[in-house]
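A.B. asks: Fold the following.
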Amino acid sequence: MKNLNLVIDTNIFLVSIAKNFRYRWIYDALLNGKFNLLISTEILLEYEELFQIKYGVKYSSDKFVEFLLNKNVLLISPSFRWQTIYPDLDDNKFVDCAIAGNADFIISNDADFKILKTIDFPKVNVLTLDEFETSFKEYFIS
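C.D. replies: Just a heads-up that it's a prediction; the model follows:
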């Protein structure tokens with residue numbers, strides 16, 4: 001299987017960082033090169049802000065160095081804003097990154113992303129965390 005290109009919503013990415021948490025397999029799969037994580041500058045800034053709130057500045061700094069040095073973290077620079085998600089316009093940064101980076105999936109539990117399943121163009125595939133886990137965990141931890 002080729003490496004998937006994924007965009008991961010911040011809340012899901014945050015729960016994958018904790019060492020003994022149920023979803024740690026996602027972060028470990030990234031570190032082990034099992035998928036490519038597509039991020040934009042806007043996503044990176046949101047990750048950093050919420051890492052610091054959730055885990056503290058010291059832990060966040062260490063994780064960010066580890067995270068940014070990973071060859072499977074790809075910085076994408078969207079040149080167009082699609083504005084496909086309402087009412088939370090801030091979520092559009094994930095959609096824009098997914099489209100610009102030709103992502104296979106956005107992984108999100110945010111109900112606002114469900115609108116993407118009804119839009120034919122631009123086509124963006126969305127999986128909830130449970131759907132993602134059911135479909136890919138076994139491959140990622142092997």
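A.B. asks: per-residue confidence at the nearest residue to Ser108 once chain neighbours are set aside?
C.D. replies: Closest residue to Ser108 apart from its sequence neighbours, by Cβ to Cβ, 6 or more residues apart in numbering: Asp9 at 3.7 Å. Where C-beta positions appear, they are placed from N, C-alpha and C, glycine not excepted. On pLDDT, Asp9 comes in at 96.
A.B. asks: can you pull the contacts of Thr128?
C.D. replies: By Cβ atoms under 8 Å, 6 or more residues apart in numbering, the residues touching Thr128 are 107-109.
A.B. asks: Quick check: which ranges of this protein have low pLDDT?
C.D. replies: Judged by pLDDT under 70, the chain has its weakly predicted residues at 1, 57-65, 82.
A.B. asks: Show me the longest helix that occurs in the chain.
C.D. replies: Using DSSP state H to define each element, the chain has its longest helix at helix 41-55.
A.B. asks: tell me how far that one is from the chain's mean position?
C.D. replies: Distance, stretch centre to chain centre, for helix 41-55: 12 Å (Cα atoms, centre = their mean, to the nearest Å).
A.B. asks: before we move on, back to that, tell me the most packed of the contacts of Thr128, by neighbour count.
C.D. replies: Ile107 (26 neighbours; other Cβ atoms under 10 Å).
A.B. asks: quick one: the strands in the chain?
C.D. replies: 4-8, 35-39, 73-75, 105-107, 126-127 (DSSP state E).
A.B. asks: Need these in CSV (columns: distance to Leu89).
C.D. replies: Listed next are the strands of the chain as CSV, based on distance: least, Cβ to Cβ, whole Å:
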stretch, distance to Leu89
strand 4-8, 17
strand 35-39, 19
strand 73-75, 22
strand 105-107, 16
strand 126-127, 17
